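1. how would this look folded up:
(one chain, ligands or ions: 1)
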Amino acid sequence: MSQESYTPGHTENATDFMLQRSFESHGRFFASHLEESHAVLDVGCGPGSISLGIAEAVPAGRVQGIDFGESQIEVARRNAKHAGINNVEFTQASCYELPFESNSFDRVFCHALMEHLSEPVDALNEFSRVLRPGGIVGVCSPDFDGTLLAPSSPDVTNAINKYATLQKSNGGNLRIGKKLGDYLIAAGFCDVSLSARYECYPSVDFISEYLAKQLDLARMPEHATSIRKWSNSPASMFAQCWVSATGMKS
Ligand SMILES: C[S@@+](CC[C@H](N)C(=O)[O-])C[C@H]1O[C@@H](n2cnc3c(N)ncnc32)[C@H](O)[C@@H]1O
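-> Got it, this is the predicted structure:
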């Protein structure tokens with residue numbers, strides 16, 4: 001595998017950022033594919049806020065979340081216990097080597113992971129292995145070519161491009177959205193279907209600080225400052241384009 005490193009890391013800031021998500025807000029594209037008794041794998045589940053919503057959508061089934069971040073698995077387990085949701089389990093594992101038998105899941109869901117992977121098709125092949133024939137995969141990732149920033153500013157555009165370059169140097173691709181369909185086909189999935197939506201962050205400060213912190217850590221403080229300055233504008237908007245793709249294992 002080529003060099004791969006997870007750009008956001010597992011800081012409190014990054015974990016809090018992921019915890020804002022729910023199945024309702026970020027997984028809706030997959031809702032119509034779920035039946036109440038399904039066994040669902042959530043790959044790269046992070047702190048598990050989306051997994052908990054999936055578990056509620058399959059009350060007679062089960063959800064297995066996996067993530068390579070130990071701290072994420074701990075948070076996910078704690079939150080499941082706190083919410084009293086019992087049909088969900090969290091396990092530390094790599095998406096390239098899933099510790100499950102072949103054909104053991106009805107559905108595989110994967111939100112905001114593919115853009116961090118250097119070998120996304122290898123991961124999709126592994127998803128296919130654990131899916132039963134006729135099972136459906138759903139993946140969703142951003143495409144920064146669709147990002148809309150207001151007010152527009154060359155400095156902030158430059159800073160966002162630097163962030164995308166940083167993620168690329170870590171093996172990922174923040175412009176992967178438009179490639180998801182091709183990657184599903186390369187991994188042998190059929191009936192591939194794509195869709196896209198915008199997420200308009202309710203607080204520009206939150207997304208700006210998330211990106212700026214990582215630019216600081218990567219020793220690009222001037223770009224971190226550009227983002228922070230831009231976010232102070234009273235009429236700012238950060239609209240992110242998410243592409244979702246589904247496919248069936250034949
Ligand atoms: C951006 S977060 C998304 C979390 C959650 N799915 C969500 O959308 O809120 C990506 C997650 O993928 C995990 N991850 C990154 N690379 C991974 C790999 N190779 N195998 C397993 N998990 C990985 C990270 O630890 C992180 O928790």
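
2. Which single residue of the protein approaches the ligand most closely?
-> Gly46 (2.6 Å; CB to the nearest ligand atom). To be clear about C-beta, it is placed using only N, CA and C from the backbone, and glycine gets the same treatment.

3. what pLDDT does that residue get?
-> Per-residue pLDDT puts Gly46 at 98.

4. With adjacent residues omitted, what lies nearest to it?
-> In space, Gly46 comes closest to Met18 once its chain neighbours are excluded; the distance is 4.3 Å by CB to CB, 6 or more residues apart in numbering.

5. next structured bit after the helix or strand encompassing the one you found?
-> If you go by DSSP states H and E, Met18 is part of helix 12-19. Once the chain leaves helix 12-19, the next helix or strand it forms, by DSSP H and E, is helix 23-26.

6. next helix or strand past that following helix?
-> helix 28-31.

7. Could you export that following helix as PDB, CA atoms only?
-> Output of helix 28-31 as PDB, limited to C-alpha atoms (Å, rounded to 0.1, in the frame of the first residue of the first chain):
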ATOM      1  CA  ARG A  28     -30.200   9.700   4.500                       C
ATOM      2  CA  PHE A  29     -29.100   8.500   1.000                       C
ATOM      3  CA  PHE A  30     -28.900   5.000   2.500                       C
ATOM      4  CA  ALA A  31     -32.200   4.900   4.500                       C
END
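
8. Would you pull up how far that helix lies from the middle of the chain?
-> 14 Å (CA atoms, centre = their mean, to the nearest Å).

9. Which strands or helices does that helix pack on?
-> Counting contacts by 3 or more CB pairs under 8 Å, 6 or more residues apart in numbering; DSSP states H and E, helix 28-31 packs against strand 131-142, strand 237-248.

10. what's in contact with it?
-> Residues outside helix 28-31 that contact it (CB atoms under 8 Å, 6 or more residues apart in numbering): 23, 57, 107, 109, 138, 140, 195, 197, 244, 246.

11. ok, of those, which come out buried?
-> Among the contacts of helix 28-31, those scoring as buried are 23, 57, 107, 109, 138, 140, 244, 246 (criterion: 16 or more other CB atoms under 10 Å).

12. Contact partners for the last one?
-> Going by CB under 8 Å, 6+ apart, Thr246 touches 29-30, 33, 136-139, 191-193.

13. can you pick the most crowded of these?
-> When neighbours are counted by other CB atoms under 10 Å, Val139 leads those with 31 neighbours.

14. Name the SS class of Val192, please.
-> strand (DSSP: H, G, I helix; E, B strand; the rest coil).

15. Identify the bridge partners of the residue nearest to it when sequence neighbours are not counted.
-> Nearest-residue entry for Val192: Gly247, 4.5 Å, with adjacent residues in sequence omitted and distances by CB to CB, 6+ apart. Taking DSSP bridges as the rule, Gly247 bridges to Val137.

16. again with Val43
-> Going by DSSP bridges, Val43 is paired in beta bridges with Ile66.

17. My guess is it contacts Cys95. True?
-> Yes: at 5.0 Å, Val43 and Cys95 qualify as touching, with contact defined as CB atoms under 8 Å.

18. of the two, who's got more company?
-> Higher neighbour count among Val43 and Cys95: Val43, with 25 against 22, using other CB under 10 Å.
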